[in-house]
Each structure stands twice: as structure tokens, then as C-alpha cells.
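Engineer: sequence and predicted structure, then a few things I'm wondering about:
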Amino acid sequence: MDSNIYLVGLNHRTAGVDVRERFALDDCCDPERWAVPCVGAIQESLILSTCNRVELLAAGKGDITEQMLQCWARARDASITNIRPYIYIHKNLEAVRHIFFVASSLDSMVLGEPQILGQLKAAYRKAAACRTTGVILNRLLYKSFSVAKRVRTETAIAANAVSISYAAVELARRIFGDMRRHKVLLVGAGKMAELAATHLLQNGVDEILVANRTVACGEELAKQFHGRAVPLERLTDFLPSVDIIITSTGSPRPVIRAKDISAVLKTRKNSPMFFIDIAVPRDIDPDVNSLDNVYLYDIDDLKEVVEENLDNRRDEANRAREIVDEEVADFAGWLDMLDVQPTLVELLGRGERMAGKEVARTLKRLGSRDENLRETLETMAKSLVHKLHHGPIMFLKHGDKHEEGNNTRISAVRKIFNLDSDS
Amino acid sequence: MMSPEVSTIFVLVLFGTASFCGIAWVRTRSVFLRRLGIWLTVLAFASQTLMLLLGFHKTMPDGLSAGAYIQLLAWFVMLGGIVVWRGVRQATPLLCSVPLCLALFAVSLPCLDAVVTLPASVQNSFYALHIGALFSSLGLLSIAFFAGLIFLFLEGRIKNKQHMPGFWQDMPAIFLLDKINAFAVLTAFPLYTLGIISGMAWAEPVFGTSVTGDPKEVMSIVIWLVFGVLFHYRLIMEWKGRKPARWAVCIFLLCLFSFVVINTIMNTHHTFIRG
């Protein structure tokens, strides 16, 4: 490959938040202030700057890392020595592998999180708008998007929730499926309970009721969720009409007991109920879980679910790495082809030019102006050129790379067909 | 006309490949394999339907073949799977019913020449109603069985706060499984009742009495009574969740016992005898 691909960057593993803040380049990604201009040896560049990573990806002739670092340091009014302790540098296939890892969220702080792919797409759009991407980075970025899609489809890397509020929503979905016809009751107003209620609302729950000790606070919260406030003292009156109950009061004693729920279940005709108790001390009597069609998860249960999901994601990451390895090998094949491409184009171009001249000479000799005859001869000559060049083209594309290497094969073909002196 | 053996092997291969795709999908979670599994299942069902319409059973020995009986049951099981698949838009119930159909087809292959001797009045329309209603009911019961089994597994894991293995995460929600179970049970029981009544009506002129005390009849009445209890509790007492799921599983197992054991081992009007 004539050009090299380099990736220089720092992330949450190599640098603390203060360093990441200092060297962030999110304000240097527009055409007026593009931090890594395509001048000198740099032919293509892309900047990915998020809260957890700052990475510069570039393609160019020779070793371009120094130039990349200089650009970065200059953009942040720093010197290269300030940046160097925190950075990692990847070259060619290692850079390709790294960007595939990043796109697939295998390098993220929360394994499998979906935001990074969107951030990478946004970074690519900005680079494309600044016209700093070319053949190599365009292909690399599109490939990384497809790798990320493949990883998400073929592994369960993003399948399970890794936050407590999401874990609660996921459990609710496993119990009720479609959330549209289900109601939620929020008892108390803890932050985590609010977050879970927000996620449930985003998942389409029918209505959210809020029961709070302070009525004004409850009403405000209900307004936030487009729901309605209900008096905490009449909690049991509203239980039959709700399916998901999230509690987070500061009460020292349980506010919901098993005997209350037995009666509620009869009224509900045994329809399932899901209780999420995020309060400490707990708001719901643990015996509630022993009732048929009632499911109770407290904060420790949810934490355990999150831990298991994280373990599961780590297992899935191994499968994802195998996919990335396959895709890197595929991309390496394309990069090899990139060297061969100009020779292929020249070879066929030369053949077609010669064929064109011979067709013109033959037609002149025949003295014919018949368009059909000209078209037929041209088609035949082109077909001959392609058939005659099939062997050399296959040799260029698929010759034994380990034995010969691209350059040896390219120079052999160029010499045989006299491509360098034939103009 | 394709012979029963060849057509059975053809559909068997399709169900086998669809089952393989379903299992491979569970392992790899590949969307391609899931789609291929669905297409092969639909193709197998369509092929079997075509063969039934062409009347391949007419090429078999005199009387009704045990193999054809079993294949007809597989057809109703698959019909139930397709109805649920289209109804709830989940591939899992469909791909779950494929291995059962594969097993039924595999069992049917050596039984194609085992026939039940039928009296001359077999053409009676009550007989067609008897078979049609009972097999539709069995197909629906198989759906209730699968929905119940999956429900019991998933509900147990949610209740006991256990981790849900990868494949099970793709299963429908337990609320939906309970609804599928309820729908299957509430539809299957009237059909089962119709099957029993039409059987009795058909038996009257043939055997001179509606109830002959035949072991198959006794077993069917026992199943009908148990089924009736479940129907009553589902409909009137609003049973939901584990209890009706367990009952549905047991009733389907009783039906299978009646179909496989009583029809082949015991001496009844329904026994298949190898020709």
C-alpha cells in the first residue's frame, strides 16, 4: 500500500477527564478550523472527539504521526510533549482494527453502548463536509459502520440493560411485552424511580400516576410525566388499575403489604403486576413476590441483573472480536487491491486504446461507414482485450502475496506490458 | 402421483432443514438463519398442504393409515404455529413447532402401512367432523402446550431473579404467552367437545351404542373432563399464569399418551394394525 493509515488518540483508559477536556477537539471540526488539514504528507483526515475519547485518523505518505500530533498540539495551544504521555498510536491494520472496535462499541467505557456509532457517523459527516476524506477513509468509515451493524446483529453485545433504570424497564417488557396498554404508579419521588418512569414513558406506557407524601411535589412530577397525582393515603384504591408500581419513598416501614395485594389481585382478575422497589429501607413487603402473577424486584435484585448483563456483554465481546478480525482481513484485501488498481486501469486502458486504433485502421482499409459494422468490430476488439488480459489481471489480483508481494507482481506486469514507457 | 413414502421424505427433509436453521439461529442469532428457517417452514407446510389436497393418502393401503393420521396432526400443529406467528409477529412459536412436526413426520414414516380397520359406514360425515374437530383441537392444544412450557420456564426465571439465557430473551413476554395459552385453550375445548359428540353420533349407528366402553373413548372422556375444568377456570374464574399453563401442558401430554399409546398398544376401535 502506497499510503499509510494512522490513528492517534487518547481515551478514558489512557487519560483522565481533565486531560480529555484539555485536548478535546470538538470545536475544531468545522471547515474554518479543521484541526488536521490535508497538507504535506497528510492526504485524508478525520477527527473523533467525544467525552470519552479524542482520536485523529489520517491517511498519508510515510510516517505522518508527527504532523498529526503537531496539528493537534497547535489546535490546543500545547506542545507535543504535553500530549505524548496519554496517547496511543496505531498504524495500518491496527488502526483499522481500532476504528472497527470503536464503531462496534468494544472500546467504550460501557461495553455495547449505542451512542459511539452515532458520534462516529457525525464525525464522518463533518470530515466529509470539510472534504478531508478520500478513497481510503471513505471506505474505512463505511466499512466500520457495517462492521458495527454486523456486531449488533450477530451478537448480543447490546441486548441487555446495564443501568438500573433500564434493567427495570427491560424486566417490565419481559413481563408485559407491548407497554402501550399498561399503567405505571410512581410511589415517592426518588431520582432513580423518576428515571425508570421516564424510560417507561419512552417505551409507550399508557399513563403514569404519582402518589407522593407532599401533594405539590407529586403534582409537579405528574405534570412532568403528563400523568396525574393521586393521594398517598388512598394508594390501595389505585393499585387495581396499575400494572407497574415503582416505589422510592423514605418510609421506614413497608407501604405495600402482601395481604393488600392478595385482595388487589382478585379485583384485577389475576392480571400480572410488577413491583420495582428502589427504596432503602424497602417499601414493599418481600412476601409480595410469593403471590402468583406478582413480580417484585428490589434495588439489590436490579443491581444483580445489571452485573449479569455486564458479564454477558463481556462474553459477547469475544464473539464480536472474531467478527472484527474477519472484517479486518477483508479490509486488508481491499487495501492490497488499492495498490494494484492503477496498474489494472492502465493495463486495460492501454489494451482498449490499441484495440480502438486497430478498429479505426481496419474500417479505413475496408472503406466502410456502416455504423453497425463499426459497433460490432469495437465490441469484438474490446472483448478480445479483456480476454487476453484476464490472466495478467488474475495474477495481479490473486497472485501469491506471501511469496511475491504486491510490488513484485506489479512491477513484473508493468515490465511485461511496457506500461512505464508506453504513453 | 408421488408415493406417500417419497412425499413424506420430501416434507421430512424440509422440516429437518428448517429445524436445523432454527437451532442454528438459537446458537448464532443470525437473522439470515431465522428468515431461512421461516421460509423453509412455510414451504414445508405448503408442500404438505398440497399433498393433502392431491390426496396422497388415497394411494395407501385400504383403511386409514397411522402415518397419515400422525402427519395430519403435524399439519394442524404447524397451522397453529403459523396462526400464532402471524398473530403475535414472533418467529419463536413457529420455529418451536417445527421440531415437533419433524418428530411427528419421522414417527409417521414407518407407520404408513399400519391401518385402522373401519366399518363400512366410514363415509359418514360425522366421522369427518369427528377427525377434523379433534385434530384442530390437538393442533391448538400443542400451541397451548408450547406457550405453557415457555411461560413456566420464563416466569420461573423472572420470579426467582435468574439470568435469562440469550435465546430466551427473544421469546414473547410472559403476558403474551399467557394470552396465547388462553386463546388456544378457549378455542380448543369447544372443538374437542364437538369431536367427542360427533364421534358418539357416528358410533351410534355403527356400534349400536354411543358409548361402547372402548379404552380410547374412556380416555377421551377423562381428557374432556380435565379439559372442561381448565376451560371453566380460564373462562369463569379468570385463572391466569402458572396454574393454567401447567394444566395445559398436562392435558396435551394426556392427549399424546392417548394418541400414541392407546391407538397403538391397546385393543380398541381406534387401534392401528400393521398390514
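Structural biologist: Done, it's in.
Engineer: show me where chain B has strands.
Structural biologist: Listed in chain order, the strands found in chain B under DSSP state E are B:64-65, B:114-116, B:273-274.
Engineer: what pLDDT does the residue of the stretch 151-300 of chain A at minimum distance from chain B get?
Structural biologist: Distance from chain B to each residue of the stretch 151-300 of chain A (Cβ to the nearest Cβ) is smallest for A:G177, at 3.1 Å. In this view, the C-beta of every residue, glycine as well, is placed from N, C-alpha and C. Among the per-residue scores, A:G177 shows a pLDDT of 87.
Engineer: I'd say it and B:P172 touch.
Structural biologist: Yes - checked against Cβ atoms under 8 Å, the pair A:G177 and B:P172 is within contact range at 6.3 Å.
Engineer: when these two are compared, which one has more neighbours?
Structural biologist: Ranked by neighbour count (other Cβ atoms under 10 Å in any protein chain shown), A:G177 and B:P172 place B:P172 first, with 22 against 19.
Engineer: which residue ranges form the helices in the chain?
Structural biologist: No chain specified, so I'll use chain A. Residue ranges of the helices in chain A, as given by DSSP state H, are A:17-22, A:65-75, A:80-83, A:93-103, A:115-129, A:135-154, A:164-176, A:191-202, A:215-224, A:235-238, A:258-267, A:299-366, A:371-398, A:406-416.
Engineer: ah, I was thinking of chain B
Structural biologist: Secondary structure of chain B, counting by DSSP H: helices at B:4-28, B:31-54, B:66-88, B:91-108, B:125-159, B:174-207, B:215-235, B:242-257.
Engineer: now for those, which one comes closest to A:L363?
Structural biologist: Closest to A:L363 of the helices of chain B, according to Cβ to Cβ: helix B:31-54, at 52.3 Å.
Engineer: residues making contact with that closest one?
Structural biologist: Contacts with helix B:31-54, where a contact means Cβ atoms under 8 Å, 6 or more residues apart in numbering or on different chains, come from A:153, B:1-2, B:7, B:10-11, B:14-15, B:17-18, B:21-22, B:24-25, B:71-72, B:74-75, B:78-79, B:81-82, B:85, B:91, B:94-95, B:98, B:101.
Engineer: gap between A:G349 and A:L338?
Structural biologist: When Cβ to Cβ, to the nearest Å is applied, the distance between A:G349 and A:L338 equals 18 Å.
Engineer: quick check: domain ranges of the chain?
Structural biologist: Assuming you mean chain A. Segmentation of chain A into domains, based on automatic domain parsing, reads A:4-154, A:164-306, A:340-416.
Engineer: hm, I was asking about chain B
Structural biologist: According to automatic domain parsing, chain B comprises the domains B:1-114, B:118-275.
Engineer: least confident of those domains, on average?
Structural biologist: Between the domains of chain B, the lowest average pLDDT goes to domain B:1-114, which shows a mean of 80.
Engineer: give me the neighbour count for the closest residue to chain A within the stretch 101-250 of chain B.
Structural biologist: In the stretch 101-250 of chain B, the residue that lies nearest chain A is B:A173 (3.1 Å; Cβ to the nearest Cβ). Counted by other Cβ under 10 Å, the residues lying close to B:A173 total 22.
Engineer: now do the contacts for residue 172.
Structural biologist: Answering for chain A, as no chain was given. By Cβ under 8 Å, 6+ apart, the neighbours of A:A172 are A:179, A:182, A:200, A:203, A:244, A:274, A:276.
Engineer: sorry, should have said chain B
Structural biologist: B:P172 makes contacts with A:177, B:88, B:90, B:92-93, B:150, B:180, as judged by Cβ under 8 Å, 6+ apart.
Engineer: ok, 10 Å please
Structural biologist: With contacts defined as Cβ atoms under 10 Å, 6 or more residues apart in numbering or on different chains, the neighbours of B:P172 are A:174, A:177, B:84, B:88-90, B:92-93, B:147, B:150-151, B:154, B:178-180.
Engineer: so A:V340 touches A:T408, yeah?
Structural biologist: No - the pair A:V340 / A:T408 is not scored as a contact, 11.9 Å apart, by Cβ atoms under 10 Å.
Engineer: so between the two, which is more surrounded?
Structural biologist: Neighbours around A:V340 and A:T408, counted as other Cβ under 10 Å, are more numerous at A:V340. The numbers are 20 against 12.
Engineer: what is the burial count for the closest residue to that one other than its chain neighbours?
Structural biologist: In space, not counting the residues next to it along the chain, A:V340 is nearest to A:L396; the distance is 4.8 Å by Cβ to Cβ, 6 or more residues apart in numbering or on different chains. Taking other Cβ under 10 Å as the criterion, the count of residues near A:L396 is 22.
Engineer: surely A:L396 meets A:T408?
Structural biologist: No - shown here, A:L396 and A:T408 do not form a contact pair, counting by Cβ under 10 Å, at 11.0 Å.
Engineer: what's the separation between the residue sitting nearest the centre point of chain A and B:V83?
Structural biologist: In chain A, the C-alpha closest to the average C-alpha coordinate belongs to A:L117, at a distance of 2.6 Å (Cα atoms, centre = their mean). With the distance defined as Cβ to Cβ, A:L117 ends up 38 Å from B:V83.
Engineer: likewise for A:E220?
Structural biologist: A:E220 sits at a distance of 48 Å from B:V83 (criterion: Cβ to Cβ).
Engineer: these two - which one has more neighbours?
Structural biologist: Neighbours around A:E220 and B:V83, counted as other Cβ under 10 Å, are more numerous at B:V83. The numbers are 19 against 14.
Engineer: so what's the closest residue to the more buried one other than its chain neighbours up against?
Structural biologist: For B:V83, the nearest residue in space outside its immediate sequence neighbours is B:I143; the separation is 7.8 Å by Cβ to Cβ, 6+ apart. When contacts are counted by Cβ under 10 Å, 6+ apart, B:I143 touches B:76-77, B:79-81, B:83-84, B:93, B:96-97, B:180-181, B:183-185, B:187-188, B:248, B:252.
Engineer: check the residue of the stretch 1-150 of chain A found nearest chain B and give its pLDDT.
Structural biologist: For the stretch 1-150 of chain A and chain B, the shortest gap (Cβ to the nearest Cβ) falls at A:R150, measuring 10.2 Å. Per-residue pLDDT puts A:R150 at 92.
Engineer: go on, A:V135?
Structural biologist: Looking at A:V135, its pLDDT stands at 88.
Engineer: now for it, how many residues are close by?
Structural biologist: Other residues within reach of A:V135 by the criterion other Cβ under 10 Å amount to 13.
Engineer: now the one 4 residues further on
Structural biologist: For A:R139, the number of neighbouring residues by other Cβ under 10 Å comes to 15.
Engineer: swap in the one 10 residues further on?
Structural biologist: Taking other Cβ under 10 Å as the neighbour definition, A:K149 ends up with a count of 13.
Engineer: for it, give me its contacts.
Structural biologist: With Cβ under 10 Å, 6+ apart as the criterion, the residues that contact A:K149 are A:103-104, A:117.
Engineer: for residue 214, what are its contacts?
Structural biologist: Unless you meant another one, I'm taking chain A. Contact analysis of A:T214 by Cβ under 10 Å, 6+ apart lists A:189, A:220-221, A:232.
Engineer: actually, chain B is the one I wanted.
Structural biologist: B:203, B:207, B:220, B:262, B:266-271.
Engineer: one step back: now the domains of chain B in a markdown table, with distance to A:V19?
Structural biologist: Shown next, in a markdown table, are the domains of chain B (distance: least, Cβ to Cβ, whole Å):
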| stretch | distance to A:V19 |
| --- | --- |
| domain B:1-114 | 39 |
| domain B:118-275 | 38 |
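Engineer: between those, which one is nearest to A:I164?
Structural biologist: If you check each of these against A:I164 by Cβ to Cβ, domain B:118-275 wins as the nearest, at 13.9 Å.
Engineer: can you count the residues close to residue 77?
Structural biologist: Because you didn't say which chain, this covers chain A. A:D77 has 8 nearby residues by other Cβ under 10 Å.
Engineer: could you do chain B instead?
Structural biologist: The number of residues packed near B:V77 is 24, by other Cβ under 10 Å.
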